[in-house]
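A.B. asks: predicted structure and sequence below. I'll ask about it afterward.
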Amino acid sequence: MSQKPTQRNNKRSVAHKQPHLTQNNHSVTHYQGPIPPPEVIQELDALVPGTAAQLIKLIVDESEHRRTLESKAIDANIVSQQQHTNLI
């Protein structure tokens, strides 16, 4: 079962499940993307109540942290370019 790719920041982020059977007929599921598929989150939350909320908060916090670092890098690049321009 797979979900349609979503467009985000001109990059494709895909969340999909690929069930595989191992030699012992155990099922292994793989997903790719920023968050697990909803059914995985529901299963985790059923095992440990509150896990879904914690997982989503972790993802939001990490996104904010990444954007802060990217903003600092851009600002530092601008300052560096301005300093270089002033030297010429």
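C.D. replies: In hand now; what should we look at? Residues are numbered from 1 along each chain as shown.

A.B. asks: can you give me the strands for this structure?
C.D. replies: Applying DSSP state E to the chain gives strands spanning 6-8, 11-13, 20-21, 27-28.

A.B. asks: so where is the protein shaky, pLDDT-wise?
C.D. replies: 1-23 (pLDDT under 70).

A.B. asks: tell me where the protein has helices.
C.D. replies: Remark: helices assigned in the chain by DSSP state H are 38-47, 51-87.

A.B. asks: let me see the contact set for H84.
C.D. replies: Under the criterion of CB atoms under 8 Å, 6 or more residues apart in numbering, H84 has no neighbours. Glycine gets a C-beta too; all of them are placed from N, C-alpha and C.

A.B. asks: if I look at it, how far off is I78?
C.D. replies: Per CB to CB, to the nearest Å, H84 is found 11 Å from I78.

A.B. asks: picking that back up, how about the helices of the chain in CSV, adding distance to V28?
C.D. replies: Shown next, in CSV, are the helices of the chain (distance: least, CB to CB, whole Å):
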stretch, distance to V28
helix 38-47, 13
helix 51-87, 20
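
A.B. asks: closest to N24 out of those?
C.D. replies: Of all the helices of the chain, it is helix 38-47 that lies closest to N24, at 21.1 Å by CB to CB.

A.B. asks: which parts of that closest one are buried?
C.D. replies: Using 16 or more other CB atoms under 10 Å as the test for burial, helix 38-47 gives 40-41, 44.

A.B. asks: can you pull out the residues in contact with stretch 62-80?
C.D. replies: Defining contact as CB under 8 Å, 6+ apart, one finds that stretch 62-80 is touched by P34.
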